[in-house]
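Asks: build the 3D model from these lines:
(one chain, ligands or ions: 1)
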Amino acid sequence: MKRQKLEDIAIKAWLETLPGWERTEDGTGIFRSFRFRNFNEAFGFMTRAAIQAEKLDHHPEWFNVWARVDVTLTTHSAKGLTELDFELAAFMSTAGEGA
Ligand SMILES: C[C@H](O)[C@H](O)[C@H]1CNC2=NC(N)=NC(=O)C2=N1
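Replies: Numbering: from 1, shown residues only. Down below sits the predicted model:
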């Protein structure tokens, strides 16, 4: 159920609740760039997100340089976006407050 590919209309509704997140160009994912004050804050965020990702069994694609963390979420098995991507995005938005 949570790994079922979402319709465009549901994706748009979800995105309205998630400031800073946008659909990737090919439509299969969502992207947000988090910018923290320093590496310690960035890595603390990544640690919190990693623990949640394991709980959800749903994992981010991300890239970190110093205080920046670029995140793309997609569901590989569905070849698109599912509830799990938005659950993880919502968690990351909260975990990254102050970014
Ligand atoms: C076996 C395991 O449940 C799967 O490989 C999970 C793990 N994490 C995953 N993460 C993401 N982003 N997409 C997946 O399809 C996915 N599949």
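
Asks: can we go C-alpha only for contacts and neighbour counts from here?
Replies: Noted.

Asks: ranges for the helices of this structure?
Replies: Secondary structure of the chain (DSSP state H): helices at 8-16, 39-56, 83-95.

Asks: out of the ones you listed, deepest packed?
Replies: helix 83-95 (a mean of 19; mean count of other Cα atoms under 10 Å).

Asks: so what secondary structure elements neighbour it?
Replies: In terms of contacts (3 or more Cα pairs under 8 Å, 6 or more residues apart in numbering; DSSP states H and E), helix 83-95 is packed against helix 39-56.

Asks: tell me the residues of this protein that contact the ligand?
Replies: D57, H58, H59, P60, T74, T75, H76, S77 (Cα under 6 Å from any ligand atom).

Asks: state the distance from the spatially closest residue to the third one that is not a sequence neighbour to T94.
Replies: Going back to what we said before, that points to H59. Of all residues not flanking H59 in the chain, A53 sits nearest, at 5.1 Å (Cα to Cα, 6 or more residues apart in numbering). According to Cα to Cα, to the nearest Å, A53 stands 14 Å off from T94.

Asks: ok, E83 next?
Replies: 17 Å.

Asks: now do H76
Replies: H76 is 24 Å from T94, by Cα to Cα.

Asks: thinking again about what came up before, can I get the helices of the chain in a markdown table including mean pLDDT?
Replies: Shown next, in a markdown table, are the helices of the chain (pLDDT from 0 to 100):
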| stretch | mean pLDDT |
| --- | --- |
| helix 8-16 | 98 |
| helix 39-56 | 98 |
| helix 83-95 | 98 |
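
Asks: a markdown table for these, including distance to E25?
Replies: A markdown table is the format used below for the helices of the chain (distance: least, Cα to Cα, whole Å):
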| stretch | distance to E25 |
| --- | --- |
| helix 8-16 | 14 |
| helix 39-56 | 24 |
| helix 83-95 | 16 |
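
Asks: out of these, which gets nearest to K2?
Replies: Nearest of those to K2, taken as Cα to Cα: helix 83-95 at 5.1 Å.
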